[in-house]
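Participant: I would like to see how this sequence folds:
(one chain, ligands or ions: 1)
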Amino acid sequence: MTAEYKVIGDVAVITLTNPPVNGLGYATRVGITDGLSKAAADPAVKAIVLTGAGKAFSGGADIKEFGTPKAIQEPNLLSVIRALEASDKPIVAAIHSVCMGGGLELAMGCHYRVAAPGTSVALPEVKLGLLPGAGGTQRLPRLLGVETALNMIVSGEAVKSELLASLPGQKLFDKLATSPESLFDDALAFAKSVMGKTGDALPLVRNLPCKHPQGDAYFQFARNMVAGMSKNYPAPLKCVDAVEAATKMKFEDGMAEERKTFMALMFTPESIALRHLFVAERAASRIPDVPEDTPKRTIQSVGVIGAGTMGGGISMNFLNAGIPVKILEMKQEALDRGVATIRKNYEAQVKKGKLKQAKYDERMALLSTTLNYDELKDADLIIEAVFEELGVKEKVFKELDRIAKPGAILASNTSTLDVDKIAAFTKRPQDVVGMHFFSPANVMKLLEVVRGKQTGKDVLATVMAVAKKIKKTAVVSGVCDGFIGNRMIEQYSRQAGFLLDEGATPQQVDRAVEKFGFAMGPFRMGDLAGNDIGWAIRKRRATERADMKYSKTADKLCELGRFGQKTGAGWYDYLPGKRDAIPSPVVAELIEKHRKDEGITPRKISDEEIVQRLVYSLVNEGAHILEDGIASKSGDIDMVYLTGYGFPLWRGGPMHYANQVGLYNVAEAMKRFAKNPRDDASFWQPAPLIQTLVAEGKQFS
Ligand code: T1G
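Facilitator: Presented below is the predicted three-dimensional model:
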C-alpha cells in the first residue's frame, strides 16, 4: 500500500506515500481506506488528519492507470471519498504544495481542510479532455461559489491557496496554516479543536447549498464563452453542464450526471490524445541509455554567439529563467540591434501587462554583451546561433574551443548541418551538442537536442535539465539531414507540391489541412516563413540528394521573387501591410502553365486525399526516423510535431493519429498513393517498421 498510518496522541494520521506526486492509484486508495478502518476501530483515536508526503498533497488520479482495470478497481476514488464522508470521527485534510484533480476531490470529501500558503490548487482534468470525475464539479461550487468554481474547472489552471482562502464566503479552507512549515502542526491543532464532533455535527460538503442567483442567464453566458474557446474540445462545455447540474439537481443526481459524462469523455479521441500528450511530453525527457541519475553539469551562465533573431530569442529564454547571458557579435551595431530587439520584445510584454516592469529590469540586468571571445571563457554553456553555413560554424567553434573553460558545453543552434562535423572542429567533441530552437525562439516550446556520436551522456542530461528550466519541450534527435521535424516536413512539403501539379490549388490544400486542425496549411506557412528557405534547401539537395523528386512549382514561384509576406507576394497575394492571404491569379496561371509544360491533365482531388497524403507522409518518414534510431520513441516524434509544427494537439501527433486510424488502414492508403505516377512510388512503400507492426497487429508504442 502507498499510504502510511500512525497515531499521534489521539489523532490518527494517514499519509499518502506514492511519489512523485501521490497519484491516487489503486495501492494508495487501499492505503487510505485501510487507514480509515484502523482509525474507526481504535477508541483512542478521536480525529484523523489526511496528508501527503513529499512534494505534493496529491496530484490527482494516477493518469498512467487510465484505461487499465486498476483505474476502476474498488475502492475507486468515489468509494474512498464516500468512506471519508461516512467517518464518524472528524477528518482534516492537511494540504500542501500540490492539490490537484482527484487530490482536491479527496480533500473536499474530508470534513475540514487546512492548507499551507503557496499550495497550487486545481481541477486540471479538462486539460486531459476530461472533467473532474470524483465529485469536483459538485463539491467545488458548494465551497467556492458557482462562478469561481466554474472558472477553475473550465480553465484547469492552478490557483494559490492563499488567494482562494481570501475569497469572501469561501468554505474550501477552514484554516490557512501560518506557513508551509507549520502546516502539519496547525492541522493537528485544528483536529484537536473539532474532536468530539460526530454524526450530523460533522460538516459534509454534499449538504451545502449550491445556487446561482441568475442561473439560466449565467450558464447561457458561460456556454457562449466556453464554446468560442473550445472548438475541437468537447470537455469544456461538459464542465459547464456538470456545474449547472450541481445548481439544479440533488447532490447524488448531480454526481450521477458527472460520472456519466466523465466515463463518456474518457473514451473520446480528444482525451486519449491529450493523455498521450501528457505522458509523451514527460517521457521525452528520459533518454533510454542515459540513466536518470547521470551527473549534470552546473549551468549558471550562458554565452550566445550571434545577436540576430535566433540569438536574441535564445538569450531571452535564459534571461526569463534568471540565468545571466553574455551575447557576442562581430560588430557593435549588430550587438546594439540585437539588444534593442530584446528590449522591444520585453517592452511589448510590459505594455500588455504580461510582464512586470521590475521583472523586465531584472532580466535586462542579467544581459551583457561583448565583441571579444575571451570574455566568454567562464560561461558554463555557449550556444552558437550564427549564419547557417559550415565554414562560419567552423570559425566559431574553433574559437570556442580555444577560449571556453574545460567542461563548458558548446551547443549549435543549427537546423540542418551535421553536428558531428561541427564537433570535429573542436578538441572536445564530447562537450558539443545541437540545441535546435524554433523561431521565435523565446516563444516556441520545442527544442531539438541533437546528439552527436561523441556527445557525452552528462552533456545530454544537463541540456535536458536546462531545457526544463527554460520551459522548453526537449526531444533528443540523432544526427541526420533535418533531424526529426525538418526531415518530416520535407516529405509533407513534397506532397503539397505534387498535389498542386495534379490539380489542387494552394487554397484548397491549406483549407483541407486547416480543417483537419493544423494551425496553418503548407502554403500559408511557406508565405509566412519565407519560400526562399525551402528554395535554398532544394538547391543544396539537388546536388546532395538528386534522388529526391520535387514539384517545380515552388522553384518557379521563387524565380518570380514571390517569397511570401516579406516580399508582399508568395503563393498568395497580400495587400500592403496586411497578412490576409488572397488567392493569386498569377500563381493560378503559373501552376496551369506548369501543368501544361509537364503534360499533366489536372484532376479533382478530394480533401480526404489531401489530408491523408500530407499526414501519412509525416507518419512514413516518422517510421523511418525510428528505424534509423534518430528518435527513440514514437511519442518523441509526436512531441516534435505538436510543439514545433502546429499539428493539432487534440489529435495527439502524427504517430498517435496513425494509431487511432489503424496502421493497417494507413499502410493501405500508402500503397494506393504509390500507384500514382505523379507521386514518388518509392517514398510511399510503407516503412518496414509499419509493415512489421501491421503484420503483428501492433501500434507505434
Ligand atoms: N498521475 C500519474 N503521474 C503523474 C501525475 C498523475 N496525476 N502527475 C504527475 N505525474 C508524474 C509525471 O508523469 C512525472 O513522472 C512526475 O509525476 C513529475 O511530473 C478523478 C480523473 C502535479 C503539477 O492532471 O500537473 O484526477 O513521467 O514533471 O513539473 O477527477 O505533474 O517523469 O515518470 O509534471 O513538478 C488530474 C497532472 C489527474 C495533474 C507536478 N491531475 N500533473 O509538476 O512534475 S485526472 C493532473 C501535473 C484526475 C479525477 C481525475 C504536474 C504536477 P514521469 P512533472 P512537476
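Participant: close to the ligand: what parts of the stretch 51-200 of the chain are there?
Facilitator: 56, 59-64, 77, 98, 100-102, 105, 124-125, 128, 130, 132-134, 136 (C-beta under 6 Å from any ligand atom). Yep, even glycine has a C-beta here, placed from its N, CA and C like the rest.
Participant: strands of the stretch 151-300 of the chain, start to end?
Facilitator: Counting by DSSP state E, counting those that start in this stretch, the stretch 151-300 of the chain has strands at residues 159-160, 175-176.
Participant: looking at these, spot the one closest to V419.
Facilitator: strand 159-160 (42.3 Å; C-beta to C-beta).
Participant: just the CA atoms of stretch 189-207, as PDB, please.
Facilitator: Extracted as PDB, the C-alpha positions of stretch 189-207 are listed here (Å, rounded to 0.1, in the frame of the first residue of the first chain):
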ATOM      1  CA  ALA A 189      -4.200  21.500  16.400                       C
ATOM      2  CA  PHE A 190      -7.300  22.000  14.200                       C
ATOM      3  CA  ALA A 191      -8.100  18.300  14.500                       C
ATOM      4  CA  LYS A 192      -8.000  18.600  18.300                       C
ATOM      5  CA  SER A 193     -10.300  21.600  18.200                       C
ATOM      6  CA  VAL A 194     -13.000  19.600  16.400                       C
ATOM      7  CA  MET A 195     -12.600  16.400  18.400                       C
ATOM      8  CA  GLY A 196     -15.800  15.100  19.900                       C
ATOM      9  CA  LYS A 197     -17.900  16.300  16.900                       C
ATOM     10  CA  THR A 198     -19.700  13.300  15.400                       C
ATOM     11  CA  GLY A 199     -22.600  12.400  13.200                       C
ATOM     12  CA  ASP A 200     -24.600  15.300  11.800                       C
ATOM     13  CA  ALA A 201     -22.300  17.700  13.700                       C
ATOM     14  CA  LEU A 202     -19.600  16.800  11.100                       C
ATOM     15  CA  PRO A 203     -19.900  19.100   8.100                       C
ATOM     16  CA  LEU A 204     -20.300  17.400   4.700                       C
ATOM     17  CA  VAL A 205     -19.800  19.400   1.600                       C
ATOM     18  CA  ARG A 206     -22.600  17.500  -0.100                       C
ATOM     19  CA  ASN A 207     -25.000  19.100   2.300                       C
END
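Participant: how far does that stretch sit from its chain's centre?
Facilitator: On the basis of C-alpha atoms, centre = their mean, to the nearest Å, stretch 189-207 sits 41 Å off its chain's mean C-alpha point.
Participant: list the contacts of that stretch.
Facilitator: 10-11, 46-49, 85, 87-90, 92, 108-109, 111-112, 114, 138-139, 142-143, 171, 174-175, 251 (C-beta atoms under 8 Å, 6 or more residues apart in numbering).
Participant: can you flag the buried ones in the residues you listed?
Facilitator: Neighbour-count burial (16 or more other C-beta atoms under 10 Å) applied to the contacts of stretch 189-207 gives 11, 46-49, 85, 87, 89-90, 92, 108-109, 111-112, 114, 138-139, 142-143, 174-175, 251.
Participant: so which of these are in helices?
Facilitator: 85, 108, 138-139, 142-143, 251 (DSSP state H).
Participant: could these go into JSON lines alongside distance to C558?
Facilitator: Formatted as JSON lines, these follow (distance: C-beta to C-beta, whole Å):
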{"residue": "E85", "distance to C558": "69"}
{"residue": "M108", "distance to C558": "61"}
{"residue": "Q138", "distance to C558": "60"}
{"residue": "R139", "distance to C558": "60"}
{"residue": "R142", "distance to C558": "63"}
{"residue": "L143", "distance to C558": "61"}
{"residue": "F251", "distance to C558": "66"}
